[in-house]
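1. okay, here's the prediction I keep looking at, along with the sequence it came from:
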Amino acid sequence: MVNVFMVDSDESTIKEVKQYFSNQSSICIKKTCSDGKEALDELLKNSNDYDVLLLNPILPKVDGLGILKKLDDNNIKCKVIIYSEYNNPNMIKLLHQYNISFYLLKSIDNSLLAERIIDASNINYLEYEFVDNFVIDKISKLLHDLGMPSHIKGYQYVRDAIMMMYDNPIYIGGITKKLYPAIADKYNTTSSRVERAIRHAIEVSWNRGDYDLMDEIFGHSVDFDRAKPTNSEFLATLADRINLNENKYKLNNYN
C-alpha cells in the first residue's frame with residue numbers, strides 16, 4: 001500500500017481524487033490538507049508516514065515552493081508529485097531543483113495518476129529528469145492500446161526504456177550495455193531481471209494486443225510468421241513511432 005499525503009487548496013479536487021482511490025487496493029490517500037502552513041507542519045513532524053507527497057504548488061500561507069525549500073533545508077527527503085492546473089515553464093524550472101518525481105497536469109486521467117504514484121514510490125533514485133507529460137502519456141496510451149497491462153513490472157521498464165531512447169538515441173545502440181543497467185539502477189534490480197521482465201511484457205502484449213495495430217506498427221520491421229519482436233526491435237520501433245508523432249505534433253503547433 002502506497003500512503004499518499006495530498007496537499008491542494010481545491011477541496012473539489014481532493015474529494016474527486018479521494019473518491020477515485022477509495023476503491024484502490026494499492027494506493028491510500030492517507031491524509032489531505034488545503035493549507036500550506038498546516039501541510040508543512042505535518043511534513044516536518046511526520047514525513048515518514050507518507051510514501052508520496054501529491055502537491056499543488058498554489059497554496060495559501062505557504063506555497064509549494066516554500067514547502068519544498070523548507071523540507072530541503074531540514075534534509076527531509078520525499079517522493080513528490082506536483083499536481084497542478086498550470087503548465088508554467090518558470091515554475092517547472094524552479095521546482096526542478098527539488099528532485100520532483102513528476103510534474104502532472106490535473107487534466108491527466110486518474111488511472112495515469114495512479115500509475116505515476118506507484119512509479120514515484122518505486123523509483124529508487126534521488127534525481128529524476130523532467131519529461132514532457134505529452135510524450136509520456138503518449139507512450140502509456142500506446143502500450144495500453146497494444147494490450148500491455150500496467151500492473152506487471154515489465155510495463156514500467158518498457159515505458160522507461162522507450163522514454164530514455166526517445167530522449168537519448170545513444171540507448172538504441174546500447175540496449176544490453178547501457179539501457180538495461182540504467183533501468184536496473186533506477187529500480188534497484190539487475191539488468192537480467194529487467195531484460196526478462198521486458199521480454200515477458202512483450203509476450204503478453206503480443207498475445208492479447210490489437211493485431212491490426214501490431215501489423216501497422218511492426219509490419220515493416222518484424223516478420224509476423226517468424227516470431228514476436230525481440231526486445232530491441234520492440235523498444236526501438238515504439239521509440240521511433242513516438243518520436244515521429246511528437247515531431248508532427250510540434251510541427252502542427254508551429255504552423
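-> Thanks, I have it. As the structure is a computational prediction, the values presented were derived from the model and not from experiment.

2. how about the helix or strand Leu143 falls within as PDB, C-alpha atoms only?
-> Using DSSP states H and E, Leu143 sits within helix 133-145. The C-alpha coordinates for helix 133-145 follow below in PDB (Å, rounded to 0.1, in the frame of the first residue of the first chain):
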ATOM      1  CA  ASN A 133       4.000  14.900 -20.000                       C
ATOM      2  CA  PHE A 134       2.600  14.800 -23.500                       C
ATOM      3  CA  VAL A 135       5.200  12.300 -24.600                       C
ATOM      4  CA  ILE A 136       5.000  10.000 -21.500                       C
ATOM      5  CA  ASP A 137       1.200  10.000 -21.800                       C
ATOM      6  CA  LYS A 138       1.500   9.000 -25.500                       C
ATOM      7  CA  ILE A 139       3.800   6.200 -24.500                       C
ATOM      8  CA  SER A 140       1.400   4.900 -21.800                       C
ATOM      9  CA  LYS A 141      -1.600   5.100 -24.200                       C
ATOM     10  CA  LEU A 142       0.300   3.300 -26.900                       C
ATOM     11  CA  LEU A 143       1.300   0.500 -24.600                       C
ATOM     12  CA  HIS A 144      -2.300   0.200 -23.400                       C
ATOM     13  CA  ASP A 145      -3.500   0.000 -27.000                       C
END
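
3. tell me where this structure has strands.
-> Secondary structure of the chain (DSSP state E): strands at 2-7, 27-33, 52-55, 79-84, 102-105.

4. distance from the chain centre to the third one, please.
-> The reference is to strand 52-55. 14 Å (C-alpha atoms, centre = their mean, to the nearest Å).

5. partner strands of that strand, parallel or antiparallel?
-> In the sheet, strand 52-55 lines up against strand 2-7 (parallel), strand 79-84 (parallel) (DSSP bridges).
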